[in-house]
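**Q** prediction below, plus the sequence it came from.
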Amino acid sequence: MKLSTLFILYFFTVSTLANASLKIGYYHSSCPNAESIVRKAVNKAVSRNPGLGAGIIRMHFHDCFVRGCDASILLDPTPGNPTEKEHPANNPSLRGYEVIDEAKIELESICPETVSCSDIIAFAARDSAFKLGGIRYSVPSGRRDGRVSIKDEPTANLPPSTLNAGELEENFAKKGLSLDEMVTLSGAHSIGRSHCSSFSDRLYSFNSTHPQDPSMDPKLAQQLIKRCPRPSTTDPIAPLDVDTPNRLDNKYYLNLKNKRGVLTSDQTLWNSPSTARMARSNAIHGANWAHKFADAMVKMGSIEVMTGIQGEIRKNCRVVN
Ligand code: HEM
Ligand SMILES: *[C@@H]1O[C@H](CO)[C@@H](O)[C@H](O)[C@H]1NC(C)=O
């Protein structure tokens with residue numbers, strides 16, 4: 001064998017080992033029922049309240065974009081250590097924590113200290129996408145849980161709803177996600193809800209001469225104004241997709257076509273030259289969008305993961321061991 005071939009083999013082996021990666025069916029022998037236990041908890045919760053499915057899909061996003069998919073989103077604050085879940089991007093809007101707790105408690109009783117909280121979130125997001133959208137995919141697993149969560153970190157990592165297409169592209173690129181993946185994942189806004197504070201600038205303070213954002217359908221603006229009286233101490237909620245708030249599908253992109261995207265970051269996808277073609281394609285080809293959505297969820301689920309002997313398997317998802 002030539003020396004150069006040996007070197008190539010050497011580097012291939014070493015880099016593969018160094019990047020111990022996620023595997024489909026990781027718990028096949030260590031905890032065969034791991035995925036079905038999570039699915040049962042999700043199905044029960046989402047049947048009662050479909051909004052929890054939306055919350056869990058968003059939880060996976062907010063976990064993975066901050067310190068990677070390490071369940072840092074789940075850690076409760078301790079005295080002197082405020083955590084991610086207290087950041088305004090998560091508190092009070094992020095929901096579904098109890099569903100993860102329930103699955104974890106059951107998992108600890110049958111396979112103690114085996115299934116990570118970060119994998120539970122990834123499985124639960126997949127199960128929510130199936131329950132609400134019939135979207136089916138396998139989740140590679142073997143993530144380990146982090147031991148750190150810092151309240152301020154979402155600020156630099158999670159995109160605010162006021163961003164334009166170029167800024168959103170940049171934000172996702174920092175996590176290794178493409179422009180098309182950003183447009184595709186935004187389709188998650190075909191379910192769930194938003195607090196008025198996330199879009200009230202579009203109703204009341206667009207600019208000094210036009211209070212209302214001209215890129216929003218005036219009929220939708222009137223409906224939202226009724227739900228969201230001028231910024232006040234209360235912060236009501238409105239569905240992100242008025243027509244089918246509990247159905248994860250590509251109707252979201254048709255809403256954008258009709259100027260009925262609720263957030264600035266939604267409507268910009270239809271109106272910006274860099275993303276318009278992708279948004280239009282997703283509006284037309286529902287099955288293709290669903291397929292791309294599944295692939296992009298898997299990719300998002302692999303951002304900066306810890307594996308092997310890194311991190312830990314938490315016993316309680318809310319506290320480090
Ligand atoms: C593209 C950049 C994104 C921005 C700017 C954004 C922003 C937001 C905002 C402001 C809300 C409403 C929060 C509230 O006020 O209650 C929301 C809700 C939601 N987001 Fe996103 N998001 C983005 C991407 C994503 C991604 C990638 C996913 C998942 C794949 C996602 C899933 C959701 C879901 C499901 C909801 C509804 C949550 C519920 O009903 O509890 N979002 N998002
Ligand atoms: C306000 O927005 C409207 C509609 O986009 C635009 O025509 C107008 O020039 C803007 N005015 C200012 C002061 O920016």
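**A** Alright, I've got the coordinates. Ligands and ions are numbered 1, 2, ... in the order given.
**Q** what about the helices in this protein?
**A** Secondary structure of the chain (DSSP state H): helices located at 3-18, 34-48, 51-64, 97-110, 117-133, 153-157, 165-173, 179-185, 201-204, 218-227, 251-257, 264-271, 276-284, 286-300.
**Q** mean neighbour count, the ones you listed: which tops it?
**A** helix 117-133 (a mean of 27; mean count of other C-beta atoms under 10 Å). In short, each C-beta sits where N, CA and C put it, glycine included.
**Q** I'd like to know which of the helices of the chain has the weakest mean confidence.
**A** Set side by side, these differ in mean pLDDT, and helix 3-18 is lowest with a mean of 41.
**Q** make a markdown table from the helices of the chain and add distance to Ile24 to it.
**A** What follows is the helices of the chain, written out as a markdown table (distance: least, C-beta to C-beta, whole Å):
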| stretch | distance to Ile24 |
| --- | --- |
| helix 3-18 | 17 |
| helix 34-48 | 10 |
| helix 51-64 | 17 |
| helix 97-110 | 18 |
| helix 117-133 | 11 |
| helix 153-157 | 27 |
| helix 165-173 | 24 |
| helix 179-185 | 20 |
| helix 201-204 | 42 |
| helix 218-227 | 41 |
| helix 251-257 | 28 |
| helix 264-271 | 31 |
| helix 276-284 | 26 |
| helix 286-300 | 10 |
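**Q** distance to ligand 2 for these - can I get that in TSV?
**A** Below are these laid out as TSV (distance: least, C-beta to the nearest ligand atom, whole Å):
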stretch	distance to ligand 2
helix 3-18	51
helix 34-48	40
helix 51-64	30
helix 97-110	40
helix 117-133	34
helix 153-157	27
helix 165-173	17
helix 179-185	23
helix 201-204	12
helix 218-227	13
helix 251-257	18
helix 264-271	11
helix 276-284	18
helix 286-300	30
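**Q** just give me the neighbour total for the residue nearest to Arg202 when sequence neighbours are not counted.
**A** Nearest non-adjacent residue to Arg202, counting by C-beta to C-beta, 6 or more residues apart in numbering: Asp213, 3.9 Å away. Per other C-beta atoms under 10 Å, the neighbour tally for Asp213 reads 18.
**Q** check contacts around Asp213.
**A** When contacts are counted by C-beta atoms under 8 Å, 6 or more residues apart in numbering, Asp213 touches 201-203, 206, 221, 264, 267.
**Q** mind running it again at 10 Å?
**A** Neighbour list for Asp213: 199, 201-207, 221, 259, 264, 267 [criterion: C-beta atoms under 10 Å, 6 or more residues apart in numbering].
**Q** repeat for Leu224
**A** Contacts of Leu224 by C-beta under 10 Å, 6+ apart are 194, 196, 199-200, 202-203, 212, 216-217, 236, 238, 242, 262.
**Q** nearest to ligand 1, of the residues you listed?
**A** Nearest to ligand 1, judged by C-beta to the nearest ligand atom, of the contacts of Leu224 is Ser194 at 3.5 Å.
**Q** can you get me a residue count around the closest one?
**A** As a burial measure, Ser194 scores 19 neighbours (other C-beta under 10 Å).
**Q** is it in contact with Ser161, as I believe?
**A** Yes - between Ser194 and Ser161 there is a contact under C-beta atoms under 10 Å: 7.7 Å.
**Q** overlap in contacts, those two.
**A** Common neighbours of Ser194 and Ser161 (C-beta under 10 Å, 6+ apart) are 262-263, 266.
**Q** which one among those gets closest to Glu312?
**A** Set against Glu312, the nearest of the shared contacts of Ser194 and Ser161 by C-beta to C-beta is Leu263 (36.0 Å).
**Q** could I have the CA atoms of stretch 198-209 written out in CSV?
**A** Coordinates of each C-alpha in stretch 198-209 appear next as CSV, following Å, rounded to 0.1, in the frame of the first residue of the first chain:
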residue,chain,number,x,y,z
SER,A,198,-44.2,39.4,18.8
PHE,A,199,-46.0,41.2,15.9
SER,A,200,-47.8,44.3,17.4
ASP,A,201,-45.2,46.6,15.7
ARG,A,202,-46.9,45.5,12.4
LEU,A,203,-50.2,46.8,13.7
TYR,A,204,-49.4,50.0,15.5
SER,A,205,-45.9,51.3,14.7
PHE,A,206,-44.7,50.3,11.3
ASN,A,207,-43.3,53.7,10.5
SER,A,208,-44.0,57.4,11.3
THR,A,209,-46.6,57.8,8.4
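**Q** quick one: contacts of that stretch?
**A** So stretch 198-209 is contacted by 89, 93, 160-162, 196, 211-216, 220-222, 224-225, 227-232, 235-238, 240, 261-267 (C-beta under 10 Å, 6+ apart).
**Q** any part of that stretch near ligand 1?
**A** Yes - applying C-beta under 6 Å from any ligand atom, one finds stretch 198-209 in contact with ligand 1 at Ser198.
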